[in-house]
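In: Sequence below, structure please.
(one chain, ligands or ions: 1)
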Amino acid sequence: VSTPFDDDARKRSAADIFNSAVAATAVGAAWELGGLDELHERGVLEVDDFAAANDLDPGATAAMFRALASVGVVQRDAGKIRPGASFTEVYRAKAMFYWLCQGSWELFAKMPSLLRNGNRVGDFHRRDAKAISHASREANRAFFDPVFWRAVENVGAFSSVADLGSGSGERLINLAQRYPGTRGIGLDISAATIEMSAAEVRRRGLSDRISFLAADVRALRPRREFAGVDLLTCFMMGHDLWPRENAVASLRALREIFPDARRFLLGDTVRTTDVPDAEIPVFTLAFETGHALMGVYLPTAEEWGTVFAESGWRCIATHRTDALAGTVVFELE
Ligand SMILES: C[S@@+](CC[C@H](N)C(=O)[O-])C[C@H]1O[C@@H](n2cnc3c(N)ncnc32)[C@H](O)[C@@H]1O
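Out: Below is the predicted model of the structure:
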């Protein structure tokens, strides 16, 4: 039986869903433009001052903060903006909002077309590789790094690292800075990404120790540069090696292509299972829906385990973090 109260509640609920979609885009925008960091560090900002300091249109800037206020990310009081009830959690997950709205939005916008079987051929989807790599760099810092560095300490001495799907190049830069005697080579399928990471390495004065190669990790051949690589790393792209038989073949081939590799640190977000629809945490739905749209299979942690055994890698430790659902780092040898 429908009552007037039910109707109001239903309308409110539909409006909240709608406003959340707009606010999600504003989270990524406010992060890129420095507004979220300013609120995090100073606890308050003035819309007009913020717009003027960053050469932004004042009306559009106010609209961005209003979108954030509509779902409680910030509070508005005249022209002053302060963190709202959901600010802390949203700030922690800002990279994942950016991944969705700035990096992958075209996928979601084209959902009807991407579902049609007839359209799912060839290179049928597009994302913004630069924005994804910007989001990944922050996701590393916030979610993967704490477990990554613990796993690196377990490796013992190493002299040369190959990072598979190297993205921004930040992992190799951080490794080179922390371990001054080491060298690194980054492999990425995207030429635009390679260009960006190589420029960053030059800017940081590390070109003599870090190099990049445009390559598909699924179709690598042995090369002179790979001799002596004793540590492999691969973060946030392992799922691109699937489906299962391809993942087994790729992981097995890596052992021949990098014959000196003693350890392989593989970090990824794995598919969740048995999460009730009403309890799906932040990022999971975007990650799993986005990959379904692209037709990329996402393995569970258990499925990864069976692939390691079959491809000749031994998993000596599995690290998980509660900070982002499904985040796992496997230590393989
Ligand atoms: C989500 S980003 C992660 C980047 C980086 N590993 C990090 O931790 O920040 C995934 C990267 O893997 C690259 N990639 C995807 N499939 C690949 C493949 N088959 N071979 C090489 N690189 C690939 C993409 O171009 C992208 O830069």
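
In: So the closest residue to the ligand within the stretch 1-150 of the chain: helix, strand or coil?
Out: Residue nearest to the ligand within the stretch 1-150 of the chain: Ser136 (3.4 Å; CB to the nearest ligand atom). Glycine gets a C-beta too; all of them are placed from N, C-alpha and C. State at Ser136, reduced to three classes by DSSP: H, G, I helix; E, B strand; the rest coil: helix.

In: so what's it up against?
Out: Ser136 sits next to Ala95, Trp99, Gly167, Ser168, Phe235, Met236 when contact means CB atoms under 8 Å, 6 or more residues apart in numbering.

In: pLDDT at it, what is it?
Out: pLDDT recorded at Ser136 is 93.

In: Same check on Ala325?
Out: For Ala325, the model assigns a pLDDT of 89.

In: Could you do Arg116 as well?
Out: Reported pLDDT for Arg116: 98.

In: what about it, how many neighbours?
Out: For Arg116, the neighbour count with other CB atoms under 10 Å is 9.

In: and it, what is it in contact with?
Out: By CB under 8 Å, 6+ apart, the contact set of Arg116 is empty.

In: I'd like the numbering to begin with 58 instead of 1 from here.
Out: Yes, from this point I'll number from 58; that puts the last item at Arg173.

In: tell me which strands and helices the strand or helix carrying Asp220 is in contact with?
Out: Element membership of Asp220, judged by DSSP states H and E, is strand 217-221. Of the remaining helices and strands, those touching strand 217-221 by 3 or more CB pairs under 8 Å, 6 or more residues apart in numbering; DSSP states H and E are helix 227-235, strand 240-245, strand 288-292.

In: What is the second one packed up against?
Out: Right, the one you point to is strand 240-245. strand 217-221, helix 227-235, helix 248-260, strand 267-271.

In: Same question for the shortest one.
Out: Other elements packing on strand 288-292 under the criterion 3+ CB pairs under 8 Å, 6+ apart are strand 217-221, helix 227-235, strand 320-326.

In: Dead centre of this structure: give me the residue that sits there.
Out: Ser193 (3.5 Å; CA atoms, centre = their mean).

In: re the thing from before, now mean neighbour count too, for the helices and strands packed on strand 240-245, in CSV please.
Out: As requested, these are arranged in CSV below (neighbours: other CB atoms under 10 Å):
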stretch, mean neighbour count
strand 217-221, 25
helix 227-235, 20
helix 248-260, 16
strand 267-271, 18
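
In: Find the nearest non-adjacent residue to Trp156, please.
Out: Ala192 (4.0 Å; CB to CB, 6 or more residues apart in numbering).

In: ok, that neighbour - contacts?
Out: Contact analysis of Ala192 by CB under 8 Å, 6+ apart lists Ala152, Met153, Tyr155, Trp156, Gln159, Gly160.

In: swap the cut-off to 10 Å and go again
Out: 85, 88, 151-161, 185, 224-225, 293 (CB atoms under 10 Å, 6 or more residues apart in numbering).

In: of these, buried ones?
Out: By neighbour count, with 16 or more other CB atoms under 10 Å, the contacts of Ala192 hold 85, 88, 151-161, 224-225, 293 as buried.

In: Closest one to Arg133 out of the residues you listed, please.
Out: When the buried ones among the contacts of Ala192 are ranked by distance to Arg133 (CB to CB), Trp88 comes first, at 18.2 Å.

In: just checking, the closest one touches Arg149?
Out: No. Between Trp88 and Arg149 there is no contact under CB atoms under 10 Å: 11.5 Å.

In: shared neighbours of those two, anything?
Out: His97.

In: List the ones among the contacts of Ala192 that fall in strands.
Out: Counting by DSSP state E, no part of those is found in strands.

In: So which of those reach the ligand?
Out: The subset of these within reach of the ligand, by CB under 6 Å from any ligand atom, is Gly224, Ser225, Met293.

In: quick one, what contacts the first one?
Out: Just to be clear, that refers to Gly224. By CB under 10 Å, 6+ apart, the residues touching Gly224 are 186-187, 189-194, 197, 243, 245, 247, 250-251, 253-254, 292-294.

In: next one: Glu345
Out: Here Glu345 is in contact with Thr326, Arg328, Thr329, Val332, Ile337, Leu355, Gly383 (CB under 10 Å, 6+ apart).

In: Make a ChimeraX selection of whichever of these turn out to be buried.
Out: Buried residues within those, by 16+ other CB under 10 Å, are selected in ChimeraX with:
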select :326,328,329,355,383
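
In: Quick check: of the contacts of Glu345, which lies closest to the ligand?
Out: When the contacts of Glu345 are compared for distance to the ligand (CB to the nearest ligand atom), Thr326 wins out at 9.4 Å.

In: Without its sequence neighbours, what residue ends up closest to the closest one?
Out: In space, and not counting its chain neighbours, Thr326 is closest to Gly383: 4.5 Å by CB to CB, 6+ apart.

In: Isn't that neighbour up against Leu342?
Out: No. Proximity of Gly383 to Leu342 does not meet the contact threshold set by CB under 10 Å, at 11.3 Å.
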